[in-house]
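Visitor: predicted model, plus sequence, below.
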Amino acid sequence: MDVVIPAMLVVPKVTFTGTEDPKAHLTAFHTHMMLVRGPDVVRCKLFMSTLVGTAMDWFINLPDGHVTSFPQLTKLFRAQYIVNRAPPSISYDLFDIRQYQEESLKEFLHRFGTQVVRLNLKDERMMVHVFKKGIVPGPFSESLI
């Protein structure tokens, strides 16, 4: 707690209330810290500034001197908010993506592509098959297929 945060260091704009996905929050925080290159002790102090509400209450109630490193703090944080983690996507989720009746092909392709990136799929034939199944039937989609 004795370390002073340099004045030119930008505080992360992300906040965590205790209801969000802890992994997503840590990812956003790590991304910010990669840009500003703060040392471990600065990371701990800045991370505290991203917590609000019950999440700040949790942090404040940690025993004095309990946290000795940022990796330890992230481990404690993940353990505390494990129930908030988003369920992992599985390849079957791709089969649930359907083009909405009024959705443009571009919008559908964007949603579909986002899910493919999340799943980190490599099987092109399967992706093409699933994509074709998700398009709204009609003359354009039939010609595209």
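Guide: Okay, I see it. Numbers count the residues shown, from 1 in each chain.

Visitor: what's the following helix or strand after the helix or strand harbouring residue 76?
Guide: Assessed by DSSP states H and E, residue 76 sits inside helix 70-80. Later in the chain than helix 70-80, the nearest helix or strand by DSSP H and E is helix 105-119.

Visitor: who's in contact with stretch 45-61?
Guide: With contacts defined as C-beta atoms under 8 Å, 6 or more residues apart in numbering, stretch 45-61 is touched by 1, 3, 5, 9, 11-12, 14-18, 25, 29, 33, 38, 70, 73, 77, 80-81. (C-beta placed from N, C-alpha, C; glycine too.)

Visitor: please narrow those to those residing in helices.
Guide: Counting by DSSP state H, the part of those found in helices is 25, 29, 33, 70, 73, 77, 80.

Visitor: ok, of those residues, which one's closest to residue 129?
Guide: Looking at the ones in helices among the contacts of stretch 45-61 and their distance to residue 129, the nearest is residue 25, at 35.7 Å (C-beta to C-beta).

Visitor: excluding covalently adjacent residues, which one is nearest to the closest one?
Guide: residue 16 (4.5 Å; C-beta to C-beta, 6 or more residues apart in numbering).

Visitor: for the ones in helices among the contacts of stretch 45-61, which one is nearest residue 108?
Guide: Nearest to residue 108, judged by C-beta to C-beta, of the ones in helices among the contacts of stretch 45-61 is residue 25 at 29.5 Å.

Visitor: residues touching that closest one, list them.
Guide: Counting by C-beta under 8 Å, 6+ apart, residue 25 makes contact with 14, 16, 50.

Visitor: that's a helix at residue 67, yeah?
Guide: No - Residue 67 is assigned coil when assessed by DSSP: H, G, I helix; E, B strand; the rest coil, not a helix.

Visitor: ok, the nearest residue to it once chain neighbours are set aside - contacts?
Guide: Among residues not flanking residue 67 along the chain, residue 73 sits closest, at 4.9 Å (C-beta to C-beta, 6+ apart). Residues near residue 73 by C-beta under 8 Å, 6+ apart: 44, 47, 67.
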